[in-house]
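Participant: Structure for this input, please:
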Amino acid sequence: MTTTTPTRVWVAYGADGRVVGTIRATDESYTVTMAGASAELGSYPTMEIAKSALHAHLAPGSDWPRFGEH
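Facilitator: Modelled structure (predicted):
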């Protein structure tokens, strides 16, 4: 028998409404993946740090993305 651990996912939307990345939460960390990337950006200990990391990897001057849980 296998068990699966549910993950929560937040999608980050830029000012134009396009998806710019995702954050997946597990019991241990929050993992950021930028839209179109083939690899994860990294894992962070808190949601706020993960959000900041995602925002830091957007184009300079980008507005703070809108995050929606899915």
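
Participant: which SS class is the residue most central in space within the chain?
Facilitator: Geometric centre of the chain, nearest residue: I23, 2.4 Å, by Cα atoms, centre = their mean. With DSSP: H, G, I helix; E, B strand; the rest coil as the basis, I23 sits in strand.

Participant: now F67
Facilitator: Following three-state DSSP, F67 is assigned to strand.

Participant: Against G61, how distant is the residue lying closest to it once chain neighbours are set aside?
Facilitator: Closest residue in space to F67, ignoring its immediate chain neighbours: W10 at 4.7 Å, by Cβ to Cβ, 6 or more residues apart in numbering. (Glycine included, C-beta is placed from N, CA and C.) Distance from W10 to G61, counting by Cβ to Cβ, to the nearest Å: 23 Å.

Participant: And for D27?
Facilitator: For D27, the distance to G61 (Cβ to Cβ) stands at 35 Å.

Participant: Would you double-check that A53 falls in a strand?
Facilitator: No. Secondary structure of A53 (three-state DSSP): helix, not part of a strand.

Participant: circling back: tell me the mean pLDDT over the helix or strand harbouring the residue nearest to F67?
Facilitator: Following DSSP states H and E, one finds W10 within strand 8-13. The pLDDT scores in strand 8-13 average 97.

Participant: Please shift the residue numbers so they start at 32 in all later answers.
Facilitator: Taking 32 as the first residue, the last one we looked at is strand 39-44.

Participant: Tell me the helices and strands packed up against it.
Facilitator: strand 50-56, helix 78-87, strand 97-100 (3 or more Cβ pairs under 8 Å, 6 or more residues apart in numbering; DSSP states H and E).

Participant: Buried ones in the shortest one, by neighbour count?
Facilitator: Buried residues in strand 97-100, counting neighbours by 16 or more other Cβ atoms under 10 Å, are found at F98.

Participant: chain center to that strand: distance?
Facilitator: Offset of strand 97-100 from its chain centre (Cα atoms, centre = their mean, to the nearest Å): 9 Å.

Participant: Describe which strands it pairs with in its sheet and in which direction.
Facilitator: Strands flanking strand 97-100 in the sheet, each with its direction: strand 39-44 (antiparallel) (DSSP bridges).

Participant: contacting residues around the partner strand?
Facilitator: Contacting residues not belonging to strand 39-44 are listed as 50-56, 78, 82, 85, 96-101 [Cβ atoms under 8 Å, 6 or more residues apart in numbering].
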